[in-house]
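1. Return a 3D structure for these sequence lines:
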Amino acid sequence: MNENVDMQQVDSPRPAELGAPAPAPRRGLLFWVLVALAVIAVVLLAWRYFEGGAPASNPQAATGTPPQTVRDAPAATGDMPIIIDALGAVTPLATVTVKSQIAGRLMEVGFQEGQMVKQGDFLAQIDQRPYQAALAQAQGQLAKDNALLAQAQSDLTRFETLLKQDSIAQQQVSDQQFLVTQDKAAIASDQAQIDTANLNIAYCRIVSPIAGRVGLRLVDAGNYVQPSDATGIVVITEIDPISVVFSTAEDNLPQISARMKSGAQLPVTVYDRANVSQLGQGTLATYDNQIDVTTGTFKLRAMFDNPNAVLFPDQFVNVRLLVDTMTGAVLAPNPAIQIGANGSFVYVVGADSTVSVRNVKTGPTDSKNTVIVSGLAAGENIVTDGVDRLRDGAKVTVRNTVATPGATPSGGAGQHRKRDGAATPGATPTPTTGDATPGATSPSPTPDANQTPAPAPSPKP
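-> From the prediction side, this is the model:
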């Protein structure tokens, strides 16, 4: 009667036949999800511990962490020099380019390149024969004009006598007086020509205008030189004494000015370009009368004795100006000074081996110490090493002594060991017997003759 049954419904399997193995993949997936969540939870807890630290109230009690090992040092009382560091250049007090004041042929060069000369030393000689001839000519003209003056004065005397006798006119006497005056003016002009010729002859001999070091020769003998030459003959630079010009911020001007007005001699030390070798010591001489508005700095000049020419003109140097010295200041080691949101602070170690945060106001500093203006008293211990993970109120263990690497404890006492009982690498093992001599060879055990050796175990089948 059910002849029209669909063949697909007869041949397809029922759900009951395929449902048995299906739940297995879901249970396996759920297991791995739970494992992943557990791993993530462990990672988060570890991250919070190592990054966030323990609770601030009592970290060691909450987590069981042992006290952190630190090093400390006491704040001391001492002197702190107030030093201004600057960059400067060696500047000579005088630099002269020697030029010829007259035109002529350079006959002789009387210096060696690099020679140290004094003021007035001979440097060069220019041909003076043309100027000697001009001198002779001026001297001859002077002699002629002297003769004309004598003749005119003689005629004037005669004319004055005739005028008294009413033998000549008054006009003739007046003309003769003017002629005498003209001859006197001619003599004065001749004398000026003679002085000019003598001066030109003196200019032919060139001498050093200052004491200093001669540079390289700029012209050779035999050349025609004249005052319009741009290069000159040689350049002389004053070496001893010498100065250093440097700049510093305008904020330092009031303190420097006050110290100089009080009559204090401010010492200045200069170092080489690498700021390693000391080149010289001098004193501050003066400072400029205006501030550079583009940089906010002003220039200063320091004077130095330079007998060995260690300081060379235009040399780049590092300058240290000692402005003042703070006496009786509270000094703290530089590693102890920390910078926070509220400014500088230090960790003070208390008597109960806990640290407390102390805000401080700092002053001048050097390579080792910093002046504490307020917030810290001399004698208080402050943490200098191990401040990375410190918190206010944390327990610490202070260890300021460092064990010497490779040192061997005597008699086995105080041997360093790891937590698992193994000896620290580099430590020498100590014999367990109390009477054994360190370094002696332990005798090997000798079997007793009456003792029967134990039979060797037979191999198991």
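
2. List the buried residues in stretch 184-191.
-> Judged by neighbour count using 16 or more other CB atoms under 10 Å, the buried positions of stretch 184-191 are A186, I187, D190. Quick note: C-beta positions are derived from backbone N, CA and C, even for glycine.

3. what's stretch 168-183 in contact with?
-> Stretch 168-183 is contacted by residues D145, L148, L149, A152, Q153, D155, L156, F159, E160, L162, L163 when judged by CB atoms under 8 Å, 6 or more residues apart in numbering.

4. switch the cut-off to 10 Å
-> Stretch 168-183 is contacted by residues 145-163 when judged by CB atoms under 10 Å, 6 or more residues apart in numbering.

5. In ChimeraX, select just the buried ones from those residues.
-> Per 16+ other CB under 10 Å, the buried members of the contacts of stretch 168-183 correspond to this ChimeraX selection:
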select :145,149,152,155,156,159
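
6. can you tell me which of the contacts of stretch 168-183 are in helices?
-> Within those, residues falling in helices by DSSP state H are 145-163.

7. For the stretch 1-150 of the chain, which segments count as strands?
-> Remark: strands assigned in the stretch 1-150 of the chain by DSSP state E, counting those that start in this stretch are 68-74, 76-91, 95-98, 104-109, 116-117, 122-126.

8. Among those, single out whichever gets nearest to K299.
-> Nearest to K299 among these is strand 76-91; the distance by CB to CB comes to 9.2 Å.

9. Pull the distance from the closest one to the chain's centre.
-> Remark: strand 76-91 is offset 10 Å from the chain centroid, using CA atoms, centre = their mean, to the nearest Å.

10. what pairs with that strand, and is each one parallel or antiparallel?
-> strand 242-249 (antiparallel), strand 316-333 (antiparallel) (DSSP bridges).

11. Tell me which of those strands is the most buried.
-> Comparing the strands paired with strand 76-91 by mean neighbour count (mean count of other CB atoms under 10 Å), strand 242-249 ranks first with a mean of 20.

12. following that strand, which helix or strand comes up?
-> Remark: after strand 242-249, the chain's next helix or strand is helix 253-261, criterion DSSP states H and E.

13. what angle separates the helix or strand just after that following helix from strand 316-333?
-> As assigned by DSSP H and E, the chain's next helix or strand after helix 253-261 is strand 267-271. Computed by axes from the mean of the first three to the mean of the last three CA atoms, to 10 degrees, the angle separating strand 267-271 from strand 316-333 equals 110 degrees.

14. Who are the packing partners of strand 267-271?
-> Judged by 3 or more CB pairs under 10 Å, 6 or more residues apart in numbering; DSSP states H and E, the packing partners of strand 267-271 are strand 76-91, strand 242-249, strand 278-287, strand 297-304, strand 316-333.

15. go with 7 Å
-> Helices and strands touching strand 267-271, by 3 or more CB pairs under 7 Å, 6 or more residues apart in numbering; DSSP states H and E, are strand 278-287, strand 316-333.

16. circling back to that earlier point, I'd like the buried residues of stretch 184-191 as TSV, with distance to A36 appended.
-> As requested, these are exported to TSV (distance: CB to CB, whole Å):
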residue	distance to A36
A186	124
I187	124
D190	121
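
17. Spatially central residue in this structure, please.
-> N318 (4.7 Å; CA atoms, centre = their mean).

18. That residue reaches L87, doesn't it?
-> Yes - using CB atoms under 7 Å, N318 is in contact with L87, at 6.4 Å.

19. and V387, how far is that from V96?
-> As judged by CB to CB, to the nearest Å, V387 and V96 stand 60 Å apart.

20. Sorry, slip of the keys, the one I care about is T161.
-> T161 is 63 Å from V96, by CB to CB.

21. Mark out where each domain of the protein begins and ends.
-> Listed domain ranges for the chain are 68-77+328-398, 94-124+208-236, 128-203, 237-326 (source: automatic domain parsing).

22. what would these look like in CSV with distance to L37 and mean pLDDT?
-> Converted to CSV, the domains of the chain look like this (distance: least, CB to CB, whole Å; pLDDT from 0 to 100):
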stretch, distance to L37, mean pLDDT
domain 68-77+328-398, 30, 90
domain 94-124+208-236, 83, 93
domain 128-203, 104, 91
domain 237-326, 60, 94
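
23. Serialize these to JSON lines and add fields for distance to I83.
-> JSON lines is the format used below for the domains of the chain (distance: least, CB to CB, whole Å):
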{"stretch": "domain 68-77+328-398", "distance to I83": "7"}
{"stretch": "domain 94-124+208-236", "distance to I83": "30"}
{"stretch": "domain 128-203", "distance to I83": "51"}
{"stretch": "domain 237-326", "distance to I83": "5"}
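
24. which residue packs closest to T295, ignoring adjacent ones?
-> In space, and not counting its chain neighbours, T295 is closest to S247: 7.3 Å by CB to CB, 6 or more residues apart in numbering.

25. need the contact list for that neighbour.
-> Going by CB atoms under 7 Å, 6 or more residues apart in numbering, S247 touches A86, T297, F298, K299.

26. what does P92 give?
-> P92 sits next to T237, E238, I239, I242, P313 when contact means CB under 7 Å, 6+ apart.

27. Nearest to P364 among these?
-> Each of the contacts of P92 was checked against P364 using CB to CB; the closest is I242, at 29.7 Å.

28. D79: which of the buried residues of stretch 184-191 is nearest?
-> D190 (76.1 Å).
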